[in-house]
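S.K.: Using only what follows, build the 3D model:
(one chain, ligands or ions: 2)
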Amino acid sequence: MATIGDFDHSEVEKENRLFSRVKTLVETAFYGNNVTYVENLHQAYYNATQTPGTIITDMSVKHTQELGLPEEAKMLIFNDGKVVGRTAAARVVIGHPGVDSDYYQGILREALYQSTKQQFYTANVIVGLDEKFMVKSHIMLPEGFENNLYSYLLNFQMENEHWQKRYEDSISYKENDIYLFADPNWHHPDFPFGLALFDPEHNVAAILGLRYFGELKKATLTLAWATAHRNNYVACHGGIKQYHLPDKNYTMAAFGLSGSGKSTITLTKHGGKYKVDVLHDDAFVIHRDTGATVALEPSYFDKVQDYPLTHATVDYYLTMQNVGATQDKNGNTVPVLQDIRNGNGRTVKSRYVTENRVDALNDKLDGIFWIMKDDSLPPVVKVEDPILAAVFGLTLSTKRTTAENVVGDVDLSQLVIEPYADPFRAYPLAEDYRNFRDLFNKNNIACYVLNTGEFQGKDITPQVTLSSIEKIITDETSFAPFGPIEKMSYLPLHDYEVDFNNEEYVQKVKDRLQGRLDFILKENEENEGYDALPKETEEAMRHILAEL
Ligand SMILES: Nc1ncnc2c1ncn2[C@@H]1O[C@H](COP(=O)(O)OP(=O)(O)O)[C@@H](O)[C@H]1O
Ligand SMILES: C=C(OP(=O)(O)O)C(=O)O
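M.R.: Ligands and ions are numbered 1, 2, ... in the order given. Next comes the predicted model:
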């Protein structure tokens, strides 16, 4: 058995480090007589079709048999309301500096008490799709949210006979199963934007007052990634795939903040030019010693912004969130996609959208691509040194998108630094820095920065990014020195001229690097130094600034 979900009587005691106040609060709610266990996807689908407000489209789900769905299953739509993205501001992690655990326990106890007035469902999934790494997750959601429950059971691997057997054969970890309590109906005057409360050491979370499906997905990943991290894996918020080329395989991963291009880069079919195995477009873990990778989810929770109804990928949709609906010429109800209704329309689409889908890879990565939106950088920059490569990931400079419900007076065009594109980290940042540095060091992984925003006022289109990646994987590149910086070079591209004689430009590059240095220095001071970084990170940045 991989993670722990039951105990000997003698283990149910204070001294057992698997128990904590918050874990016990959350888990206890699962055993109330107001909670009904959903056994299989047939039941989950049926429940979702009965929820008031569900739109049962006339579009049939493909691969129903393999997915464990009723043969007649249709794509379902359910829309949320005002908020259509993930609310980072709602996150609170027990154990982080400044977080008063007693206060949050009180809030949680009351939320759990109030929840007993509703009927809930519970169901189990497996997170991690290889015997090397599997964690069991139990979710609890109230009546009215059957669509989110159904999406959850599709997005992760629902327990069934086959997977239960694999799970039983998987490596055991001395870690709790995940328990995720969610009550979107919760309201509290002190938390107008909701509350996502985590006890990552004990694998529990309570997602309160939040309807967006991504909250459930990313809360589960937060805990699964932290579990992986504690057990010798590197947690990755990125897409990963392997190209099979005539003379070699090339395995690459692209890390980017929500809505910044992971799926676009990972799921592109390159016009059928290459045979490509896809591991996942959002979440995976890398073993620190072997470099082997494991996907955490079978399905893809993706934006529908770029995909009209006629696009081939729409055939693989299972559920949709925050999209429109209309009638076709035959009187069928069909979705209105491409964010016509609102920003960040989403779908859970099945693994079969990727022709060659794999759940684990034993090969090490050949290239890591940090997706940024820093307009001082040309579309592709290569970083040669392992420390510098890890420092650029650490200071990943990007912009927020409609995938996030940004609270307060925040200018979306502002650059933000989001280390390793992972706002879900529940442990100190320096631990990720060391992991990525060691990964680059040990496995000789090439590092590239992809700017997917604009360069010197010119938009960098997906086409530019994707064709550059093609050149890199097939070795058709010749990188030019990035000004005087010894360990950086860039891919010369027509229309994106890099001019180090232009003083204004050089100043912009300096400002951005200085911004990165300031970020590193700030981390050393803020939050009682929780995210303080090794001196070498600061030195690496100072060194390239001095070269300029
Ligand atoms: N150069 C680029 N590379 C990748 N995506 C880009 C680029 N320029 C614009 N985009 C757009 O940004 C969005 C990225 O969305 P997506 O790939 O779903 O992000 P993620 O998977 O990281 O959430 C898409 O709408 C895509 O068309
Ligand atoms: C759904 C999310 O992420 P992504 O855009 O990376 O899929 C999210 O972060 O809420």
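S.K.: How many residues are close by residue 547?
M.R.: Counted with other CB atoms under 10 Å, residues neighbouring residue 547 total 14. Where you see a C-beta, it was placed from the backbone N, CA and C, and this is true even at glycine.
S.K.: Distance of it relative to residue 75?
M.R.: Here the distance between residue 547 and residue 75 works out to 54 Å (CB to CB, to the nearest Å).
S.K.: Would you mind finding the longest helix in this structure?
M.R.: helix 503-525 (DSSP state H).
S.K.: helices or strands up against it?
M.R.: Helices and strands touching helix 503-525, as assessed by 3 or more CB pairs under 8 Å, 6 or more residues apart in numbering; DSSP states H and E, comprise helix 386-394, strand 397-398, strand 416-417, helix 535-547.
S.K.: I'd like to know which of these is closest to residue 111.
M.R.: Nearest to residue 111 among those is strand 416-417 (30.4 Å), distances taken as CB to CB.
S.K.: Past the closest one, which element shows up next along the chain?
M.R.: helix 429-443 (DSSP states H and E).
S.K.: Report the angle between that next one and helix 503-525.
M.R.: Angle of helix 429-443 versus helix 503-525, following axes from the mean of the first three to the mean of the last three CA atoms, to 10 degrees, is 120 degrees.
S.K.: name the helices or strands packed onto helix 429-443?
M.R.: For helix 429-443, the packing partners by 3+ CB pairs under 8 Å, 6+ apart come out as helix 213-230, strand 233-236, strand 367-372, helix 386-394.
S.K.: Do the second one and ligand 2 come into contact?
M.R.: So that's strand 233-236. No. Strand 233-236 lies out of reach of ligand 2 by CB under 6 Å from any ligand atom, never closer than 11.7 Å.
S.K.: again, but for the first one
M.R.: Yes. On the criterion CB under 6 Å from any ligand atom, helix 213-230 is in touch with ligand 2 at 214, 218.
S.K.: Is that helix positioned near ligand 1?
M.R.: No. In terms of CB under 6 Å from any ligand atom, no part of helix 213-230 sits within range of ligand 1; the closest distance is 9.7 Å.
S.K.: same check, this time on the third one
M.R.: No. If you take CB under 6 Å from any ligand atom as the test, strand 367-372 misses ligand 1, and the best it gets is 7.1 Å.
S.K.: ok, back up a step: give me the mean pLDDT for the longest helix of the chain.
M.R.: The average pLDDT within helix 503-525 is 97.
S.K.: Enumerate the residues of this protein near ligand 2.
M.R.: Residues of the chain found near ligand 2 (CB under 6 Å from any ligand atom) are 86, 214, 218, 258, 259, 262, 282, 301, 403.
S.K.: Which members of those define the maximum pairwise distance?
M.R.: The largest separation in the residues of the chain next to ligand 2, counting by CB to CB, is between 86 and 262 at 14.5 Å.
S.K.: Could you double-check that residue 85 lies in contact with residue 344?
M.R.: Yes. With contact defined as CB atoms under 8 Å, residue 85 reaches residue 344; the gap is 5.0 Å.
S.K.: Identify the contacts common to the two.
M.R.: Overlap of the contact sets of residue 85 and residue 344 (by CB atoms under 8 Å, 6 or more residues apart in numbering) consists of 402, 403.
S.K.: How many residues are close by residue 494?
M.R.: Using other CB under 10 Å: residue 494 sits among 6 other residues.
S.K.: Check what pLDDT it gets.
M.R.: Looking at residue 494, its pLDDT is 92.
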